[in-house]
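Engineer: Sequence and predicted structure below; questions after.
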Amino acid sequence: MPYRLLIVEDERELIEVYKIALPRYDVKIVDIAMDGMEAIEKYRTLKNEIDLVLMDHRMPILSGLEASREILNFDPGAVIVFGSADVQIRGEAKQIGVKLFKKKPFGIKELVSCFQALLG
């Protein structure tokens, strides 16, 4: 069964990379949100259709931390993989319940390995 993913990312180029590369590793991109507010709305709508969220940090409207906090308040069992070059926020991300923090940049194979470790 493929991993079902909600991508939260505002960089269009990175989204295109994910769209091309992740399906090769049996990862189904269910939807994409380009800001934190959209991420919350899409998560609430798609909760039963996704296995995990790949969350960016610096985005318009709400940051990845703010969006993650709201998603985890709504669904404490949400599996969020947080990706950011801003390693100073790793502790805060983990404290609010993010399952895994990945320092950007990271490779697609490395990312999929993380999904496998989290979801089996």
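Structural biologist: Looks like it came in fine.
Engineer: all strands in this protein, in order from the N-terminus.
Structural biologist: 3-8, 27-33, 52-56, 80-84, 100-103 (DSSP state E).
Engineer: Single out the most deeply packed of these.
Structural biologist: strand 52-56 (a mean of 25; mean count of other Cβ atoms under 10 Å). Where you see a C-beta, it was placed from the backbone N, CA and C, and this is true even at glycine.
Engineer: Torsion angles phi and psi at residue 106?
Structural biologist: Torsion angles at residue 106 (phi, psi; degrees, to the nearest 10) stand at phi -140, psi 160.
Engineer: what about it, how many neighbours?
Structural biologist: Residue 106: 13 surrounding residues under other Cβ atoms under 10 Å.
Engineer: any idea how far it lies from residue 69?
Structural biologist: Going from residue 106 to residue 69 by Cβ to Cβ, to the nearest Å gives 23 Å.
Engineer: show me the contacts for the residue most central in space within the chain.
Structural biologist: Nearest to the mean C-alpha position of the chain, by Cα atoms, centre = their mean, lies residue 54 at 1.3 Å. Contact analysis of residue 54 by Cβ atoms under 8 Å, 6 or more residues apart in numbering lists 5-9, 18, 81, 83, 111.
Engineer: Format these as CSV; extra columns: distance to residue 49 and pLDDT.
Structural biologist: Shown next, in CSV, are these (distance: Cβ to Cβ, whole Å; pLDDT from 0 to 100):
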residue, distance to residue 49, pLDDT
5, 10, 98
6, 9, 98
7, 14, 98
8, 15, 98
9, 19, 97
18, 17, 97
81, 17, 97
83, 21, 94
111, 20, 95
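Engineer: pLDDT below threshold where in the chain?
Structural biologist: Counting by pLDDT under 70, the chain contains low-confidence ranges at 1.
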